[in-house]
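J.: structure of the sequence below:
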Amino acid sequence: MPITLVEQNWFRWAILLILGFPLVMILLNEVIVRLRQEEKPLVATIIIFRNLVFPLVALLLFLTRVLEIPEETTIIRSVKTLVWIGMIHAILSAFKVVIFDQAVAGSWQERVPDLLLDLIRFFLVACITAVILSTVWKIDLGALLTAFGVGSLVIGLALQDTLKNLFSGILLLFERPFALGDWLQVGDTIGKVIKVNWRSVYLQTRDRDSVVIPNSILAQGNFTNYNRPTPLHVERFLFGFSYDDPPNKVIQVLTETALSTPGILRDPSPWVRVENYADFSITYQIGLFVDNYETMLKIRNDFVIRIWYAAKRYHLTIPYPIQTEYHMDLATMPKPNPTQQVTDMMRSLPNFGNMAAERFIEEKDASNIRYYAQGEWVFQEGERILGLYLILNGHAVILVRDNNEQNQEIARLGQG
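T.: From the prediction side, this is the model:
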């Protein structure tokens, strides 16, 4: 019985490909244009289907249905392999776009590192590759795994540094000592984590430079995370002030300046302490708390600028090392008189007058000027006081211990 051309199977497939393939491509082009106008990330996946998957599927149908080439031939198996590869690429792209690229800020999808995505992608590709080799190429996977096991030893020796970084990245993935957006210090490098992959971690410095740190170095734990365990961060500063400036006054000025600087927290409050007595100044260390390390650079700049103005306002001296040479004649220099200040004070008091002052001058080594910091004890209760003591500057408080062993103020003494 004769069969017409229309009734033949290859002819129907040829008509279907001639008419259907251009329609599908036109439809995909329209979808791509619409997605680009709406700035949708899914456009990349549709482009993969248009440029790779559907042309390969059309080619496979043309070879097998129109030309009727047997599927056991090498060319058909090769085209099938390319179709599977295109499908894998498109599916993985769609998965990444739908699950992660459109993730809401703060969601778990946003916190998933790129390394985990790479591992999932590698696992899926490996599984589908095994299916392709088994179904398309009819390869015995058991024998292939045996051969791969022997060859993996050679590959492992050749790529031991790469594999070391890979497994270090996996350990970091499970331990999670840092996340995207954290500020790390590795050696002398400080930067924000912007990318984590199977080989290394990418840090962006404050200068907008990218620094690549291998995972094997970070896996050793030789780094500092400024965002863990909490974003709260303390920044330390060292300042030098003159020996003529009272330490309590300097501490008060530094504390007030810190509390008035925007960005510095009041709770925990800043702390100031005397670090050491240097050659040219007294060194003070101050610790400032901020709620995020990323804002520290601006806060540090504002605080240091305010310190200069505060020092000028309160007549504090920030010395710097200088060497000045003076030529003096010691024979003509007036000798210092430590009792002059005391005698001037006594002459100004009605209870003493000039006679007491003259009598004081006649005493040998009568004057002994002492300096006390705020809160220091001059005399303890019950201690015997020998001689006469005058307050030349400041004031003193007289305290008496009550029945509850608490100090109660009963008088306040001023100058003179």
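J.: in the chain, which residue is closest to the centre?
T.: Trp183 (1.6 Å; C-alpha atoms, centre = their mean).
J.: from what I can see that one touches Glu294, true?
T.: Yes. Between Trp183 and Glu294 there is a contact under C-beta atoms under 8 Å: 6.5 Å. Backbone N, C-alpha and C define where each C-beta goes, glycine included.
J.: next up, the contacts around the nearest residue to Asn227 once chain neighbours are set aside.
T.: Ranked by C-beta to C-beta, 6 or more residues apart in numbering and with sequence neighbours excluded, the top spatial neighbour of Asn227 is Asp182, at 4.2 Å. Counting by C-beta atoms under 8 Å, 6 or more residues apart in numbering, Asp182 touches Lys192, Val193, Asn225, Tyr226, Asn227, Arg228.
J.: rewinding a little: name the nearest residue to the residue nearest to the centre of the chain, ignoring sequence neighbours.
T.: Per C-beta to C-beta, 6+ apart, closest to Trp183 is Tyr226, 4.2 Å.
J.: before we move on, back to that, what do Trp183 and Glu294 both touch?
T.: In contact with both Trp183 and Glu294: Lys192, using C-beta under 8 Å, 6+ apart.
J.: Leu265: what secondary structure?
T.: Under the three-state scheme (DSSP: H, G, I helix; E, B strand; the rest coil), Leu265 adopts coil.
J.: am I right that Leu288 is in a strand?
T.: Yes. Counting by three-state DSSP, Leu288 is part of a strand.
J.: so it bridges to which residues?
T.: Glu235 (DSSP bridges).
J.: that one contacts Phe237, doesn't it?
T.: Yes. Here Leu288 reaches Phe237: they are 7.2 Å apart, a contact under C-beta under 8 Å.
J.: okay, and the common contacts of the two?
T.: Shared contacts of Leu288 and Phe237, counting by C-beta under 8 Å, 6+ apart, come down to Phe303.
J.: and the helices in the chain?
T.: 9-37, 43-48, 54-61, 74-96, 108-111, 114-135, 141-158, 160-175, 215-219, 247-259, 296-313, 340-348, 353-362 (DSSP state H).
J.: put the alpha carbons of the third one into PDB.
T.: This points to helix 54-61. What follows is helix 54-61 as a C-alpha-only set of coordinates in PDB (Å, rounded to 0.1, in the frame of the first residue of the first chain):
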ATOM      1  CA  PHE A  54      16.300  24.600  22.600                       C
ATOM      2  CA  PRO A  55      18.800  24.700  19.600                       C
ATOM      3  CA  LEU A  56      20.400  21.400  20.900                       C
ATOM      4  CA  VAL A  57      17.000  19.800  21.400                       C
ATOM      5  CA  ALA A  58      16.000  20.800  17.900                       C
ATOM      6  CA  LEU A  59      19.200  19.400  16.500                       C
ATOM      7  CA  LEU A  60      18.600  16.100  18.300                       C
ATOM      8  CA  LEU A  61      15.100  15.800  17.000                       C
END
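J.: what are the contacting residues of that helix?
T.: Helix 54-61 has contacts (C-beta under 8 Å, 6+ apart) with Trp13, Leu17, Phe21, Val24, Met25, Leu28, Ile76, Val79, Lys80, Leu82, Val83, Gly86.
J.: output the below-cut-off pLDDT ranges for this protein.
T.: Scanning the chain for pLDDT under 70 picks out the ranges 1-7, 100-119, 141-167, 169-170, 173-174, 322-324, 326, 328, 330-368, 416.
J.: domains of it?
T.: Per the record, the chain has its domains at 5-139, 182-225, 233-314, 338-413, by the TED database.
J.: out of those domains, nearest to Arg176?
T.: domain 5-139 (8.6 Å; C-beta to C-beta).
J.: what's the neighbour count on Asp188?
T.: Neighbour count of Asp188, defined by other C-beta atoms under 10 Å: 5.
J.: same question for Ile46.
T.: The number of residues packed near Ile46 is 20, by other C-beta under 10 Å.
J.: need the contact list for it.
T.: Leu28, Val31, Ile32, Leu35.
J.: let me have the domains of the chain in CSV, adding distance to Arg176 as columns.
T.: Supplementary listing: these in CSV, determined by distance: least, C-beta to C-beta, whole Å:
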stretch, distance to Arg176
domain 5-139, 9
domain 182-225, 10
domain 233-314, 18
domain 338-413, 48
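J.: and of those domains, who's closest to Asp329?
T.: domain 338-413 (22.3 Å).
J.: so which of Leu288 and Phe237 has more stuff around it?
T.: The neighbour count for Leu288 versus Phe237, taken as other C-beta under 10 Å, is higher for Leu288 (25 against 17).
J.: how near is the more buried one to Pro262?
T.: Per C-beta to C-beta, to the nearest Å, Leu288 is found 12 Å from Pro262.
J.: so what sits against both of the two?
T.: Contacts common to Leu288 and Pro262, judged by C-beta under 8 Å, 6+ apart, are Ile299.
J.: for stretch 198-211, list every residue counted as buried.
T.: Trp198, Arg199, Ser200, Val201, Tyr202, Leu203, Val211 (16 or more other C-beta atoms under 10 Å).
J.: which ones are touching the nearest residue to Ile307 once chain neighbours are set aside?
T.: Using C-beta to C-beta, 6+ apart and skipping the chain neighbours, the partner closest in space to Ile307 is Thr257 (5.9 Å). The neighbours of Thr257, taking C-beta under 8 Å, 6+ apart as the test, are Phe303, Arg306, Ile307, Ala310.
J.: try Ile217
T.: Val186.
J.: any idea how far it lies from Gln185?
T.: 13 Å.
J.: ok, for Gly240, nearest residue in space, not its chain neighbours?
T.: Nearest to Gly240 is Ser281, by C-beta to C-beta, 6+ apart, at 3.3 Å.
J.: would you list the phi and psi of the one you found?
T.: phi -160, psi 170 (degrees, to the nearest 10).
J.: hang on, isn't it packed against Asp244?
T.: No. Judged on C-beta under 8 Å, Ser281 makes no contact with Asp244 at a distance of 10.2 Å.
J.: more neighbours: which of these two?
T.: Taking neighbours as other C-beta under 10 Å, Ser281 and Asp244 compare with Ser281 leading, 19 against 10.
J.: how about Leu180, phi and psi?
T.: As for Leu180, its main-chain torsions (degrees, to the nearest 10) stand at phi -60, psi 130.
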